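Asker: sequence and computational prediction follow.
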Amino acid sequence: MTAPTAQPPSAISTSIRLKLSLMMFLQFFVWGAWFVTMATYLDNSLEASASQISLAYLTQSLGAIAAPFIIGLIADQFFSAQKVLGILHLAGAALLFWASTMSTFTAFFPVILGYMILYMPTLALVNSVSFRQMTNPERQFPAVRVLGTIGWIVAGVTIGLLAWERDEQLAQTFRMAAIASLILGVFSFLLPATPPTRRGEKASVRDLLGLEALGLLKNRSYLVFFLSSIAICIPLAFYYNFTNLFLNEQGVRSAAAVQSLGQASEVLFLLLMPFLLVRLGVKMTLAIGMAAWALRYVFFAYGDAGSLYWMLLLGIILHGICYDFFFVAGQIYTDKFAGERFRSAAQGLITLATYGVGILIGSLVAGPIVDRFVTADGHDWTQIWIIPAIIAGVVLVLFVILFKDQRSDRTTILDASKVTLEAPGPVTPRDERRRPETA
């Protein structure tokens, strides 16, 4: 009688892998279903100003700032991660549906703020649930995490197929997201058990925010990288907040679906990242990411939905380089620079600085600028996009001049780059806690 084949020690069961993959798909489908088109919805349906639209988008930053407290004080110490995930998504489903019924921005804003405070911690929770079930995260996590990017793409394509932008029915996006959040909330209770890791321990505010890593800023090059990370998020806010409104005003059909090309390019460039980091080094890789930011906005400034449509498409596709070559490469650089002792704290600090402080500043800057260039039939987008292009260009020049690339980075970076596929989308300050290294 033939003995059953033993499962390799590095494998996880098909059932668990499918559950984790579905969890990731729904997690990012929920976000992509409403976040991309919110500016167009607020402009068309609630007659919000650009400054108000930016306020709505900076709720992401406020949620990122709140995330470590929710994770550190609740999920890490008292309740299983999958149960906290379920409760947050069930409550979030109610808030998303409620947001779809609002008729004024004043009523809409506190609802979406409450939702983002609940949602942003779930980005760390889904990663925590995943890593706790894996025996070899470097090999097993990428295939699971990529379903999140696919979920975001499917959300954008669905909006395009249903023509909600064209028919001005974008309130439906919040309802679609609410249904998906409800499904994920219920499904979370069926996920593998992920009990708290620090039950009984007391976490200080300094620990939660990663402030113990502040000593790393004494190094000049890391300080330059840290400040550049904050500064480059200012032009990033223009992209997140106003690209969908811009494309719709330009007459691009199914704009949300077209924007999903940006997420598709993230996956492609993540596959290239390990090879490029070794061959180009940290400084050149980061510089290429910032240069892509400036070039993208130039394409947006001078492209149109007619003969220059290719410029708009290239500007969107460059999102993969913009995000991966700076944020993912920067997370790897931080991991190697911080070392084992400050690894988690350093990742928390840099993510709080970018998605918390950087994008918050960017949102506050972008709104008034877009309001400044309102025209009778929309906005003067050429003037608008030139501004973030200049900002990105200035940050690039200062970075190249001031940042010193250590030759040792080229020989030590390969091991960390093997896990870069974990982060093709936004991460939160507590994400690194459960990473093998790298959002």
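Answerer: Good, I have the coordinates. Predicted model only: the values in this text are computed from it and were never measured.
Asker: so what's L42 closest to, chain neighbours aside?
Answerer: Once flanking residues are discounted, L42 sits nearest to A48: 3.9 Å by CB to CB, 6 or more residues apart in numbering. Quick note: C-beta positions are derived from backbone N, CA and C, even for glycine.
Asker: I meant to write F108 there.
Answerer: Per CB to CB, 6+ apart, closest to F108 is M102, 4.1 Å.
Asker: where does pLDDT dip in this protein?
Answerer: 1-11, 70-78, 137-138, 197-213, 335, 339-345, 347-348, 405-439 (pLDDT under 70).
Asker: longest helix anywhere in it?
Answerer: helix 255-302 (DSSP state H).
Asker: by contact count, what packs against the next helix or strand after that helix?
Answerer: Going down the chain from helix 255-302, the next helix or strand is helix 309-317, by DSSP states H and E. Here helix 309-317 touches helix 220-250, helix 255-302, going by 3 or more CB pairs under 8 Å, 6 or more residues apart in numbering; DSSP states H and E.
Asker: any idea which of these is most buried?
Answerer: Comparing those by mean neighbour count (mean count of other CB atoms under 10 Å), helix 220-250 ranks first with a mean of 23.
Asker: between helix 309-317 and that helix, find me the angle.
Answerer: 140 degrees (axes from the mean of the first three to the mean of the last three CA atoms, to 10 degrees).
Asker: how much distance is there from helix 220-250 to the middle of the chain?
Answerer: 12 Å (CA atoms, centre = their mean, to the nearest Å).
Asker: cool, stretch 111-118 as well?
Answerer: 16 Å.
Asker: neighbouring contacts of that stretch?
Answerer: Residues outside stretch 111-118 that contact it (CB atoms under 8 Å, 6 or more residues apart in numbering) are 38, 56, 59-60, 62-63, 66, 70, 88, 91-92, 95-96, 98-99, 102.
Asker: farthest pair within these?
Answerer: I70 and M102 (24.6 Å; CB to CB).
Asker: all helices of the stretch 101-250 of the chain, in order?
Answerer: 105-132, 137-161, 171-188, 205-208, 220-250 (DSSP state H, counting those that start in this stretch).
Asker: buried stuff in the first one?
Answerer: Translated: helix 105-132. Residues of helix 105-132 classed as buried by neighbour count (16 or more other CB atoms under 10 Å): 105, 108-109, 111-132.
Asker: now the helices and strands packed on helix 309-317 as TSV including distance to V146?
Answerer: Shown next, in TSV, are these (distance: least, CB to CB, whole Å):
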stretch	distance to V146
helix 220-250	21
helix 255-302	6
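Asker: of those helices, which is nearest I150?
Answerer: Here helix 255-302 is closest among the helices and strands packed on helix 309-317 (CB to CB), at 8.4 Å.
Asker: show me what the closest one is packed up against.
Answerer: Using 3+ CB pairs under 8 Å, 6+ apart, helix 255-302 sits against helix 137-161, helix 220-250, helix 309-317, helix 319-323, helix 329-338, helix 381-402, helix 407-417.
Asker: turn those helices into a markdown table, columns for distance to F189.
Answerer: Formatted as a markdown table, these follow (distance: least, CB to CB, whole Å):
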| stretch | distance to F189 |
| --- | --- |
| helix 137-161 | 19 |
| helix 220-250 | 32 |
| helix 309-317 | 37 |
| helix 319-323 | 32 |
| helix 329-338 | 31 |
| helix 381-402 | 43 |
| helix 407-417 | 34 |
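Asker: out of those, which is closest to S181?
Answerer: helix 137-161 (12.0 Å).
Asker: next, the angle helix 171-188 makes with that closest one.
Answerer: Using the same axes, to 10 degrees: helix 137-161 against helix 171-188 is 150 degrees.
Asker: neighbour-wise, which of the contacts of stretch 111-118 leads?
Answerer: Counting neighbours by other CB atoms under 10 Å, L96 leads the contacts of stretch 111-118 with 28 neighbours.
Asker: residues contacting that one?
Answerer: V30, W34, Y115, F174, R175, A177, A178, S181.
Asker: hmm, try it at 7 Å
Answerer: W34, Y115, F174, A177, A178, S181 (CB atoms under 7 Å, 6 or more residues apart in numbering).
Asker: state the distance from it to M38.
Answerer: Using CB to CB, to the nearest Å, we find L96 at a distance of 11 Å from M38.
Asker: so L85 sits against L123, correct?
Answerer: No. Counting by CB atoms under 7 Å, L85 stays clear of L123, with 10.3 Å between them.
Asker: send me the strand or helix carrying L85 as PDB with only the CA atoms.
Answerer: Using DSSP H and E, L85 falls within helix 81-99. The C-alpha coordinates for helix 81-99 follow below in PDB (Å, rounded to 0.1, in the frame of the first residue of the first chain):
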ATOM      1  CA  ALA A  81      -6.700  39.700  14.100                       C
ATOM      2  CA  GLN A  82      -9.400  38.000  11.900                       C
ATOM      3  CA  LYS A  83     -12.200  39.000  14.400                       C
ATOM      4  CA  VAL A  84     -11.000  42.600  14.500                       C
ATOM      5  CA  LEU A  85     -10.900  42.600  10.700                       C
ATOM      6  CA  GLY A  86     -14.400  41.300  10.500                       C
ATOM      7  CA  ILE A  87     -15.800  43.800  12.900                       C
ATOM      8  CA  LEU A  88     -14.100  46.700  11.200                       C
ATOM      9  CA  HIS A  89     -15.400  45.700   7.700                       C
ATOM     10  CA  LEU A  90     -18.900  45.100   9.000                       C
ATOM     11  CA  ALA A  91     -19.000  48.600  10.500                       C
ATOM     12  CA  GLY A  92     -17.300  50.000   7.400                       C
ATOM     13  CA  ALA A  93     -20.000  48.500   5.200                       C
ATOM     14  CA  ALA A  94     -22.600  50.500   7.100                       C
ATOM     15  CA  LEU A  95     -20.600  53.700   6.800                       C
ATOM     16  CA  LEU A  96     -20.000  53.200   3.100                       C
ATOM     17  CA  PHE A  97     -23.700  52.700   2.400                       C
ATOM     18  CA  TRP A  98     -24.500  55.800   4.600                       C
ATOM     19  CA  ALA A  99     -22.000  57.800   2.600                       C
END
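Asker: just use 353 as the starting number from now, easier for me
Answerer: Sure, I'll start counting at 353 from here, so that last one is helix 433-451.
Asker: next one: that helix to chain centre, how far?
Answerer: The answer for helix 433-451 is 19 Å, by CA atoms, centre = their mean.
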